[in-house]
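[1] everything below, folded, please.
(one chain, ligands or ions: 1)
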Amino acid sequence: MKTYKDLAPSLRTIMTPGPVEVDPRVLRAMSYPILGQFDPEFTALMNETMGMLRELFQTQNQWAFPVDGTSRSGLEAVLVSIIEPGDRVLVPVYGRFGNLFIEIAERCGAEVVMLEQPWGTVFDPEVIVEAIYREKPNVVAMVHGETSTGCLQPFDGIGAACRSVDALLVVDAVATIGGVPVLTDEWLLDAVIGGTQKCLSVPAGMSPITYNERVEAKVLQRKTIERGLREAGSAVSDRRPVASNYFDLGMLQDYWSPKRLNHHTEATSMLYALREGLRLVLEEGLEARFARHRRHEAALVAGLTAMGMALFGDPACKLPVVTCIRIPEGVDGESVRGMLLNHFGIEIASSFGPLKGQIWRIGTMGFSCRESNVLQVLGALEATLLRHGVQVKVGRAVQAALDVYGAEV
Ligand SMILES: *Cc1c(COP(=O)(O)O)cnc(C)c1O
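    Below you'll find the model as predicted:
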């Protein structure tokens, strides 16, 4: 008989922009017994989780629930449910995840209008506002924090412009939710998609979303009820139905509503994990959590700069939870990452597309975003760069970070 070794994943210090380390309380929550999906104990947990998500998204929206699947499942659920073939969708792109919006919108049959901004910068919101008035799109889809470039897009005036041309504003806040303020109602965002494995520090496998009554109205126009679940004689919409059963927000919201209309089987252990992750976020407090992310970013940046490393991207729009470092001339970026992982057990990220081989990315997200991790990554990076023949300013990085932390003897 063939035997397989025991599962024994190494303990890592994960300093990437996701997935990040998970708080032991969340891991413990995942090991609890299964409840049936219509067990009142479980549906009570589902309702509580919806309430916690409203707090996280800073919204009064009725609808706030997780879609099962990684973050792109939330992006797909929103887009496939609101885009009808031939709809105009405006997508401002300043990194990889803007392109993901385009790809999904095109699969939904949209006529996509793309705006482009060089990677490492963001749009002047005025440019997007003008494009909204010019193009009169049905949907505007934008990324809040671009993990690929470490940039944060401001939203000034964009929500109001969308309302005045009756466009729905969909925002990818996968990288920012729980780490950087995301003011769903104040910024007039119609649908917001978050992720679990970034600043929430829950394993990958769910995508919390929220949307308002403007989105719901669109969803209800296209409402479908699964064959065999329709009550006798009940009518179904004559509009073009949503081209996905799994991602149909109309069906998902019926499942998450008191009707509990049967759809998928909710992912029990992931729901436990999300609820515990949200409990940790709300216990810490959103403002305190955002301040913690800024503090560790400041220490990391001080250390990297003191070492003599150059950062990538316009500092005016830097995303607090991702720091991009230019790989020094002549250094093999993958060799440095390999040494960090194999000798120090530390993971940092490489990058994609036009930035491949050009930058490393260090995440300071959620449970990974803490002093010991920042100090370790700085010390290990200094040693590894010296080993690669890079003339770093020796001994400065960790000291500069300790200064930010106000460390006393
Ligand atoms: C990570 C990320 C995604 C994709 O998330 P998956 O969970 O891998 O599907 C989408 N958008 C942004 C901004 C991200 O950082």
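
[2] distance of residue 149 relative to the ligand?
    Distance, residue 149 to the ligand, using C-beta to the nearest ligand atom, to the nearest Å: 10 Å. No exception for glycine: its C-beta is placed from N, CA and C like everyone else's.

[3] taking the stretch 301-409 of the chain, what residue is nearest to the ligand?
    residue 322 (8.5 Å; C-beta to the nearest ligand atom).

[4] I figured that residue was touching residue 17, is that so?
    Yes: contact status for residue 322 versus residue 17: in contact at 4.8 Å, counting by C-beta atoms under 8 Å.

[5] list the contacts of residue 67.
    Contacts for residue 67 (C-beta atoms under 8 Å, 6 or more residues apart in numbering) come out as 73, 74, 77, 206, 207, 208, 209, 247, 252.

[6] if you could redo that for residue 32, that was the one I meant.
    Residue 32 neighbours (C-beta under 8 Å, 6+ apart): 269, 272.

[7] change it to 10 Å
    Going by C-beta atoms under 10 Å, 6 or more residues apart in numbering, residue 32 touches 268, 269, 272, 273, 276.

[8] save the residues you listed as a markdown table, and put in distance to the ligand, neighbour count and pLDDT too.
    As requested, the contacts of residue 32 are arranged in a markdown table below (distance: C-beta to the nearest ligand atom, whole Å; neighbours: other C-beta atoms under 10 Å; pLDDT from 0 to 100):
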| residue | distance to the ligand | neighbour count | pLDDT |
| --- | --- | --- | --- |
| 268 | 20 | 18 | 98 |
| 269 | 17 | 15 | 98 |
| 272 | 19 | 23 | 98 |
| 273 | 14 | 28 | 98 |
| 276 | 19 | 20 | 98 |
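
[9] pick the one among the residues you listed closest to residue 138.
    For those, the residue nearest residue 138 by C-beta to C-beta is residue 273; the value is 35.3 Å.

[10] ok, now which ones touch the closest one?
    22-23, 25-32, 196, 200-203, 205-206, 267.

[11] show me which of the residues you listed are buried.
    Neighbour-count burial (16 or more other C-beta atoms under 10 Å) is assigned, among the contacts of residue 273, to 22-23, 26, 29-30, 196, 200-203, 205-206, 267.

[12] of those residues, which pair is most distant in space?
    Once C-beta to C-beta is applied, these give 23 and 267 as the farthest pair, at 18.9 Å.

[13] low pLDDT regions in the stretch 151-300 of the chain?
    233-239 (pLDDT under 70).

[14] ok, and the closest non-adjacent residue to residue 272?
    residue 29 (4.3 Å; C-beta to C-beta, 6 or more residues apart in numbering).

[15] contact partners for that neighbour?
    For residue 29, counting by C-beta under 10 Å, 6+ apart, the contacting residues are 22-23, 202, 269-277, 279.

[16] now these as TSV including distance to residue 92?
    What follows is the contacts of residue 29, written out as TSV (distance: C-beta to C-beta, whole Å):
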residue	distance to residue 92
22	33
23	34
202	29
269	37
270	32
271	34
272	37
273	33
274	30
275	34
276	35
277	30
279	35
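
[17] just those residues: which are in helices?
    269, 270, 271, 272, 273, 274, 275, 276, 277, 279 (DSSP state H).

[18] tabulate the residues you listed (TSV), appending distance to residue 186.
    Below are the ones in helices among the contacts of residue 29 laid out as TSV (distance: C-beta to C-beta, whole Å):
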residue	distance to residue 186
269	34
270	29
271	28
272	31
273	29
274	24
275	26
276	28
277	24
279	24
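
[19] could you work out the most separated pair of those?
    Using C-beta to C-beta for every pair in the ones in helices among the contacts of residue 29, the one that comes out farthest apart is 269 and 279, at 15.6 Å.

[20] mind giving me the packing neighbours of the helix or strand hosting residue 101?
    Per DSSP states H and E: residue 101 is located in helix 96-107. In terms of contacts (3 or more C-beta pairs under 10 Å, 6 or more residues apart in numbering; DSSP states H and E), helix 96-107 is packed against helix 71-82, strand 88-93, strand 111-116, strand 139-143, strand 145-146, strand 168-172.

[21] buried residues in stretch 219-232, which are they?
    In stretch 219-232, counting by 16+ other C-beta under 10 Å, buried: 219, 222, 223, 225.

[22] stretch 240-255 now?
    242, 243, 247, 248, 249, 250, 251, 252, 253, 254, 255.

[23] restricted to helices, list those.
    249, 250, 251, 252, 253, 254, 255.

[24] so the fourth one sits right up against residue 65, yeah?
    Yes: with contact defined as C-beta atoms under 10 Å, residue 252 reaches residue 65; the gap is 7.0 Å.
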